[in-house]
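Peer 1: generate coordinates for the sequence data below:
(chains A and B)
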Amino acid sequence: MHDYRVLRDDVELLRGAIERRGKRDQYASVIDRGITLDAMRRATIQAVEEKKAERNQNSQEVARRKRNKEDAEELIAAGRTLGEEIAALEYELTRSQADLDAILLDLPNITLDDVPAGDESANRIEKTWGTPRESAGCRAHWDVASQLGILDLERGAKVSGSGFIVMRGAGARLTRALMNFFIDVHTREHGYEEVWVPAVVNRRSMVGTGQLPKFEEDMYGLREEELYLVPTAEVPVTNLYRDEILTASDLPRGFVAYTPCFRREAGAAGKDTRGLLRLHQFDKVEIVRYCTPEQSAEEHERLTRHAETLLERLGLPYRRVLLAAGDTGQSSAKTWDLEAWAPGVGKFLEVSSCSTFTDYQARRANIRYRPAAGEKPRFVHTLNGSGLAFPRVIACLLEHYQQEDGTVRLPDCLHPYMGTAVLG
RNA sequence: GGACAGGUGGCCGAGUGGUUUAAGGCGCACGCCUGGAAAGCGUGUGGUGGGGAAACUCACUCGCGGGUUCGAAUCCCGCCCUGUCCGCCA
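Peer 2: Numbering: from 1, shown residues only, chains lettered A, B, ... in the order given. Next up is the predicted model:
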């Protein structure tokens, strides 16, 4: 969400950002309409407040006369007229304000200067780590897993539908191991506070982080209750401090949370559907940071490193990709995807997405901080990243560490959590 | 789910239609006092939006949303949240 002022003072900045996202056609008329609505809104505010000031004076004069037992009938009649005029103006104001808010909620964030313009083909590989294993002779994770008996796709589909899975035995334990390993590293070594949060959130939370109103069709909702299943822990964790004012000394501040994640994947039918590649429900540990605007660039790098470290501990080769503006999420100002190599399917799989939202989410969720006692509150910057998403990490582990005999050797860091060094 | 009680500024707390355009206190900031401090005294102390170069000014804000009224923290309706008890329950 943007400030109303973006339509007065920074329209060219906004237009440029939308151009770089390749969305000029989609938004050109929306922006023009926003500018008109903002002017209307301000004119109406001036008119209505003028009338209200008049009404307040009038009422005080009525009070004074009544105290002195004087006649006030004439003033009361004048007040009645003012009331009607105010009601009419307020109706107008409510309407133009609602239209304007809808536009401001709809506009995407302004990407940072170093984000390349263009669509996904302009994404830039920033670095690579490790040596990708040759695909030759590597089986896909669904074959490895099925031979090990740790993944039951058929029964997941029976119980819930396609895109829902059952992990069994060592597979179930591996999920639990990853959760503990990831959270332990973030709390013990990276200074995050661990939180355990609801997986069902209200509408305001979904609007706060930017999932709604625009992406309603991607969300699972309990519509009767106005509640939604979280698509990521980002939603409950970022909204922890909605409508609050933090103190500068609290920043930067980080939280880590495990939650299941629910996504309808409405626009992705038939894409990457096999095995663990794309699920309607999956598990993920998420890291979220709040900081000041001055800190956010550095914090973005730090958070991304926190996610990368986990891949390095797991010994999984990966690359860091800077997303081009057109591939960057609506709320994000800059995103690095971490993609781990899955030799069996012969692809890099996105296992983490590390974004800085600048003040876009903070405006929507009204999360501020006070720079110093007595100073005006400012919006915080919010950041988050997966650290990490389990199913694709499991896919990479199974494919990268598979051995000729069908067993899978686990990286050292998981041994204590699994109680074994080998699956199978 | 049912019954009852509540929701006022950073905190406590007064306030049942018009000098409350929110009393008083605590806390906080600054000043005076002091060798220094405490105490005491004085001044100030939220948020949002509009106008303005600024000083400043206007409007809104007493859980949220409607309504009644010339005028609502105060009256009416709906909702949300918290507490206590009951019911149900992992």
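Peer 1: helix/strand/coil for whatever residue of the stretch 151-300 of chain A ends up closest to RNA strand B?
Peer 2: At 7.1 Å from RNA strand B, A:Ile245 is the closest residue in the stretch 151-300 of chain A, using Cβ to the nearest atom of the strand. In short, each C-beta sits where N, CA and C put it, glycine included. Assigned with DSSP: H, G, I helix; E, B strand; the rest coil, A:Ile245 falls in the strand class.
Peer 1: A:Ile165 reaches A:Glu154, doesn't it?
Peer 2: No - judged on Cβ atoms under 8 Å, A:Ile165 makes no contact with A:Glu154 at a distance of 9.8 Å.
Peer 1: for these two, indicate the residue with more neighbours.
Peer 2: A:Ile165 (24 against 11; other Cβ atoms under 10 Å).
Peer 1: point out the residues in the stretch 51-200 of chain A that sit beside RNA strand B.
Peer 2: Contact residues (Cβ under 7 Å from any atom of the strand) of the stretch 51-200 of chain A with RNA strand B: A:52-53, A:55-56, A:58-59, A:62-63, A:66-67, A:75-76, A:79-80, A:82-83.
Peer 1: pick out the most distant pair among those.
Peer 2: A:Lys52 and A:Arg67 (22.8 Å; Cβ to Cβ).
Peer 1: so which of those two has more stuff around it?
Peer 2: Neighbours around A:Lys52 and A:Arg67, counted as other Cβ under 10 Å, are more numerous at A:Lys52. The numbers are 14 against 8.
Peer 1: mind checking pLDDT for that one?
Peer 2: Note on A:Lys52: pLDDT of 91.
Peer 1: swap in the one 10 residues further on?
Peer 2: Reported pLDDT at A:Val62 in the predicted model: 88.
Peer 1: surely it is in a strand?
Peer 2: No - under three-state DSSP, A:Val62 sits outside any strand and is assigned helix.
Peer 1: quick one, what contacts it?
Peer 2: Residues in contact with A:Val62, defined by Cβ atoms under 8 Å, 6 or more residues apart in numbering, are A:Ala72, A:Leu75, A:Ile76, A:Gly79.
Peer 1: what's the closest non-adjacent residue to the second one?
Peer 2: Going back to what we said before, that points to A:Leu75. Spatial nearest neighbour of A:Leu75, excluding adjacent residues (Cβ to Cβ, 6 or more residues apart in numbering): A:Val62 at 5.1 Å.
Peer 1: cool, and the third one?
Peer 2: Nearest non-adjacent residue to A:Ile76, counting by Cβ to Cβ, 6+ apart: A:Val62, 6.2 Å away.
Peer 1: A:His300 and A:Asn384 touch, don't they?
Peer 2: No - if you go by Cβ under 8 Å, A:His300 and A:Asn384 don't touch, sitting 10.1 Å apart.
Peer 1: find residues that contact each of the two.
Peer 2: Shared contacts of A:His300 and A:Asn384, defined by Cβ under 8 Å, 6+ apart, comprise A:Cys354, A:Ser355.
Peer 1: how about the strands in the stretch 1-150 of chain A?
Peer 2: A:124-129 (DSSP state E, counting those that start in this stretch).
Peer 1: pick out the residue of it closest to RNA strand B.
Peer 2: A:Gly79 (2.2 Å).
Peer 1: list the residues that contact that residue.
Peer 2: Counting by Cβ under 8 Å, 6+ apart, A:Gly79 makes contact with A:Arg55, A:Asn58, A:Ser59, A:Val62.
Peer 1: look at A:Asp25 and say how many residues are nearby.
Peer 2: Neighbours around A:Asp25, by other Cβ under 10 Å: 8.
Peer 1: in contact with the closest residue to A:Leu322 other than its chain neighbours, which residues?
Peer 2: Nearest non-adjacent residue to A:Leu322, counting by Cβ to Cβ, 6+ apart: A:Arg124, 4.6 Å away. Applying Cβ under 8 Å, 6+ apart, we find A:Arg124 in contact with A:Pro116, A:Val321, A:Leu322, A:Ala324.
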